[in-house]
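>>> Structure for this input, please:
(chains A and B)
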There are 2 protein chains.
Amino acid sequence: MTDFAALDRYVDERMPAWTDELAEFCRFRSEQGDVEGLRGAADWIASRLRRLGATVDVVELPGRPEVPRLVVGDIGDGPRTLTAVQHYDVQPSVPLDLWTTPPYEPTVRDGRLYARGATDNKGELMPRIWAVEAYLATIGPLPCRVRFLVEGEEEYGSEHLDELLDQRPGIRKVDGALIEGGGVDLSGRPEILGGVRGMAVIELVCRTIAYDAHSSAATVLPSAPVRLAQALASMYDADGFPTLPGIDAGIVPPTPAQLAICDAVPLDAVEEIRQEYGVSRLLGGLDGTDAIRAMTFAPTLNIQGLWSGFIGPGDKTITPAEAHARLDIRIVPDQDPAAIVTAMKAHLATGGFDDIEVIGEQGERAYWSKADDPILDAAARVSEAVFESPSVRYVSMPGTAPMWQVCGRDAVPTTTLGGGSADCRAHAPNENVRIDYAAKAAQLTARFLDEFARLG
Amino acid sequence: MTDFAALDRYVDERMPAWTDELAEFCRFRSEQGDVEGLRGAADWIASRLRRLGATVDVVELPGRPEVPRLVVGDIGDGPRTLTAVQHYDVQPSVPLDLWTTPPYEPTVRDGRLYARGATDNKGELMPRIWAVEAYLATIGPLPCRVRFLVEGEEEYGSEHLDELLDQRPGIRKVDGALIEGGGVDLSGRPEILGGVRGMAVIELVCRTIAYDAHSSAATVLPSAPVRLAQALASMYDADGFPTLPGIDAGIVPPTPAQLAICDAVPLDAVEEIRQEYGVSRLLGGLDGTDAIRAMTFAPTLNIQGLWSGFIGPGDKTITPAEAHARLDIRIVPDQDPAAIVTAMKAHLATGGFDDIEVIGEQGERAYWSKADDPILDAAARVSEAVFESPSVRYVSMPGTAPMWQVCGRDAVPTTTLGGGSADCRAHAPNENVRIDYAAKAAQLTARFLDEFARLG
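From the prediction side, this is the model:
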């Protein structure tokens, strides 16, 4: 049994410098479309992995320089390989006025580092690098091979990840995969999640008239925002649950083992969501185990954006020519994102909304480990040891990560692992990372390398 | 009978210089909230009226310098007074990318001047000033008193016009009032409209959660855009007609004379709307006389803007915390805009949407002349003479202007009068004015002064 006392001290001593390092990484504005920000972040992480001692391979698509690069870093040796599936791109930082300090000027306040990407995913990737550094510095050679896969399109559906991986035959031959991060709930309990959801993104465009009309013509002109509101309303019941025909197509019914995992989740997890978002009542009054099951098995039909006509202060008396909605649909195994787009088109056509254009923008599949895979127990053991708390097991994270692309072909087991906090505001203004949890993430990841090596 | 040949020649000779003058006026960005643009436009028109020979009075609200000033210009003498109710403010010019040339860089192309305000209302006000100038230059003293009322909040509900008028007791004592402009349809027929609609503007705000959530939480969190879409959808039938209970409250049933005016409108007016806006079918398949009646008597429930969450290219996987809609409701006599706000609140509360905030932003009442008022015949006669075409009579314009505030107390008769073209794109990108029609507007307005003086 390895003694981790020296490693834990090493991590604690290095944390001030590592926090500065994470802040440096978070200064890159690596949002979709920001060529300079994405390139800077990719170069930075490649350089950091080289400094760690990894063999670094920067994968591009031939003749497609606009596709953000996949940075691959291999380090360590042994019969088993663990891959960590990460990303250097971030969500858009708008609305900027809701940030206390600017998203790309990382700032430490009250034990947290605030910046876009502070948790998702720069602040989840770095502790895994720190774990390797600390292991090498205080224990010795790694007990397994670790392969970092750091892509630049994760927040936008990992559109080219499959193609990028295909550039390196054998890159998917691994024995286990870490999902991009891992969390700790508001009660300090580590959460172990055995998979990820997939996603389809769809834009709906309604155009009714040639150009914005003076709004007095609304007596006789068809209205794009009215038609779009009606089309959207036709996809939900009064409680707000999606009723879009076909949204459930392809779902594999939960196994008894999966249901048992759901039903073992402590119910204060539900209360935490209510508190964090300030809602007295979840959708349709969902509560307790039913809420946990819905969060696990129910596809979403989320409107991420809606826009038409004159937006902002003041007013402008027009009947808008166009109305737009963008939806993301989180899907579960074995749903096909393309089938969701087809279902949306069919529903609108049969419901009298065939004038609304349906643009299927991207899609990726869900991927879940077997409910009893030993990788999940290993993740739970190291997390409980470091956080000194029982863990909570989930069948899947409610969010999406490109695990299907990495693990789907060979049914590679996967798990979350880390120290993200439930109030980290990933994707929202004032995203942050708890620095003490980031240290623990490094400490438990180091322990996991030993556990993972022993699973073989 | 006055001979207008010299006047007509004077107008034609002056048009190039007057077009430059109108362009100069259109350079002011007199949009709501643009203090400099509004002040500049007010000073410019006050100075222009002084140059015309008018006695100019610039009315402010005591201690409220932020309220755009009302510019009053009186000229002429006689037992009867005609007031021209105008404005120097303009609609917002966004979206700028749809303008061929920038909205505040007036440009002449193909016999039209393109600029924001080129028709509405700078290009409708100036021909009335030119009419007076031409009358004085070629005929002699004016046959009546003319009072220009030029305000700066017309596009935003004339919120302070009543208060501004109250600063000058007696200012409403007039014998007739010209609505801000007047139009010619695509077939070249002058349109004579006997009144204006009123309007209520309402913003709906739905807030469901404390901040934008990662969209994976959409399985259990209530969605602001979904709820807003449902609330909006509950206010319309499948054809898109408003069904909001109370939207018809207060409507005075049409008189036989009003119905007769509607039913005499040539039906190609309906075809013109279809062509201009590129729609094969009007709302609910409305056509012919039914469409004309709807445009006259039916209140609108127009969504002028709709916004929630992430707007624009790319995507951002959030469940938005808020959703907004702004509606304008064009009302008819004797509807009360405040009652519409109350009806909206009641409908949302009883329909399970009492969490949606209803903000009543502004309101003004409709005002219609008597269907057989002689001012309408006078307007028709001069318009037919100059445009050499039969005119078309309407009970009301579908749009709104502050005639209730000026005419409501003493039942002052009112009419439109002018040369705006049906494709002038008022309120839209590429707003323009036909220069030949602007000249005709000046010529027919000069003739109207004689007609109006004789009505006494």
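
>>> From now on I want contacts and neighbour counts done on CA atoms only, so please keep to that.
Will do.

>>> which helices and strands does the helix or strand hosting A:Ala325 pack with?
A:Ala325 belongs to strand A:322-331 when assigned by DSSP states H and E. With contacts taken as 3 or more CA pairs under 8 Å, 6 or more residues apart in numbering or on different chains; DSSP states H and E, strand A:322-331 sits against strand A:198-207, helix A:224-233, strand A:302-309.

>>> Following that strand in sequence, what is the next regular element?
helix A:337-350.

>>> Relative to the whole chain's centre, how far out is the following helix or strand past that following helix?
Next along the chain after helix A:337-350, taking DSSP H and E as the criterion, comes strand A:356-364. Averaging C-alpha positions (CA atoms, centre = their mean, to the nearest Å) puts strand A:356-364 20 Å from its chain's average.

>>> what are the pairing partners of the strand holding A:Ala325, and which direction each?
According to DSSP bridges, strand A:322-331 forms sheet pairs with strand A:198-207 (antiparallel), strand A:302-309 (antiparallel).

>>> hmm, back to that, same list (the helices and strands packed on strand A:322-331) but as JSON lines, adding mean pLDDT.
Listed next are those as JSON lines, based on pLDDT from 0 to 100:
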{"stretch": "strand A:198-207", "mean pLDDT": "96"}
{"stretch": "helix A:224-233", "mean pLDDT": "98"}
{"stretch": "strand A:302-309", "mean pLDDT": "97"}
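
>>> can you redo these as TSV with mean neighbour count?
Formatted as TSV, the helices and strands packed on strand A:322-331 follow (neighbours: other CA atoms under 10 Å in any protein chain shown):
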stretch	mean neighbour count
strand A:198-207	24
helix A:224-233	26
strand A:302-309	27
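
>>> I'd like these written out as CSV, with distance to A:Ala177 added.
Formatted as CSV, those follow (distance: least, CA to CA, whole Å):
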stretch, distance to A:Ala177
strand A:198-207, 17
helix A:224-233, 38
strand A:302-309, 28
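
>>> For stretch A:372-386, buried residues please.
By 16 or more other CA atoms under 10 Å in any protein chain shown, the buried positions in stretch A:372-386 come out as A:Pro374, A:Ile375, A:Leu376, A:Asp377, A:Ala378, A:Ala379, A:Ala380, A:Arg381, A:Val382, A:Ser383, A:Glu384, A:Val386.

>>> So for the last one, what's the nearest residue that isn't a sequence neighbour?
Among residues not flanking A:Val386 along the chain, A:Leu444 sits closest, at 5.9 Å (CA to CA, 6 or more residues apart in numbering or on different chains).

>>> got a list of contacts for the host helix or strand of the one you found?
Element membership for A:Leu444, per DSSP H and E: helix A:435-454. Under the contact criterion CA atoms under 8 Å, 6 or more residues apart in numbering or on different chains, helix A:435-454 has outside partners A:4, A:7-8, A:11-12, A:15, A:19, A:80, A:82, A:111-113, A:123-124, A:127-132, A:134-135, A:142-144, A:375, A:378-379, A:382-383, A:385-387, A:417-421.

>>> same thing with stretch A:171-184?
Taking CA under 8 Å, 6+ apart as the rule, stretch A:171-184 contacts A:80-87, A:120-121, A:124-125, A:165, A:190-193, A:195, A:375, A:401, A:403, A:406-407, A:410, A:412-422.

>>> what's the answer for stretch A:385-400, then?
Identification of contacts with stretch A:385-400 by CA under 8 Å, 6+ apart yields A:188-199, A:258, A:261-262, A:264-266, A:295-296, A:330, A:366, A:368, A:371, A:380, A:383-384, A:440, A:443-444, B:214-217.

>>> And that stretch, how far out from the chain middle?
15 Å.

>>> Buried residues, it. List them.
Neighbour-count burial for stretch A:385-400 [16+ other CA under 10 Å]: A:Val386, A:Phe387, A:Ser391, A:Val392, A:Arg393, A:Tyr394, A:Val395, A:Ser396, A:Met397, A:Pro398, A:Gly399, A:Thr400.

>>> before we move on, what about stretch A:123-143?
Across stretch A:123-143, burial judged by 16+ other CA under 10 Å covers A:123-136, A:138, A:142-143.

>>> In CSV, could you pull the C-alpha coordinates for it?
Provided in CSV are the C-alpha atoms of stretch A:123-143 (Å, rounded to 0.1, in the frame of the first residue of the first chain):
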residue,chain,number,x,y,z
GLY,A,123,-9.7,23.6,-13.5
GLU,A,124,-10.6,19.9,-13.8
LEU,A,125,-7.8,19.1,-16.2
MET,A,126,-5.0,20.7,-14.3
PRO,A,127,-5.4,18.7,-11.0
ARG,A,128,-5.0,15.6,-13.1
ILE,A,129,-1.7,16.9,-14.4
TRP,A,130,-0.7,17.9,-10.9
ALA,A,131,-1.6,14.4,-9.7
VAL,A,132,0.9,12.9,-12.1
GLU,A,133,3.6,15.5,-11.3
ALA,A,134,3.1,14.8,-7.5
TYR,A,135,3.1,11.1,-8.0
LEU,A,136,6.4,11.2,-10.0
ALA,A,137,7.9,13.6,-7.4
THR,A,138,7.0,11.8,-4.3
ILE,A,139,6.3,8.1,-5.1
GLY,A,140,8.1,7.2,-8.3
PRO,A,141,7.2,5.9,-11.8
LEU,A,142,3.5,5.8,-12.6
PRO,A,143,1.8,2.5,-12.1
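
>>> what about that stretch, average pLDDT?
Averaging pLDDT along stretch A:123-143 gives 98.

>>> What are the contacting residues of it?
Contacts for stretch A:123-143 (CA under 8 Å, 6+ apart): A:2, A:4, A:6-7, A:10-11, A:22, A:49, A:52, A:76-78, A:86-87, A:117, A:180-182, A:418-420, A:433, A:438-439, A:441-446, A:449-450, A:453.

>>> Buried subset of those residues as a ChimeraX selection?
Buried members of the contacts of stretch A:123-143, defined by 16+ other CA under 10 Å, are picked up in ChimeraX with:
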select /A:4,7,10,11,22,49,52,76,86,87,117,180,181,182,418,419,420,433,438,439,441,442,443,444,445,446,449,450,453
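
>>> For the closest residue to A:Asp354 other than its chain neighbours, give me its contacts.
In space, and not counting its chain neighbours, A:Asp354 is closest to A:Leu348: 5.6 Å by CA to CA, 6+ apart. Going by CA under 8 Å, 6+ apart, A:Leu348 touches A:Ala231, A:Asp354, A:Ile356.
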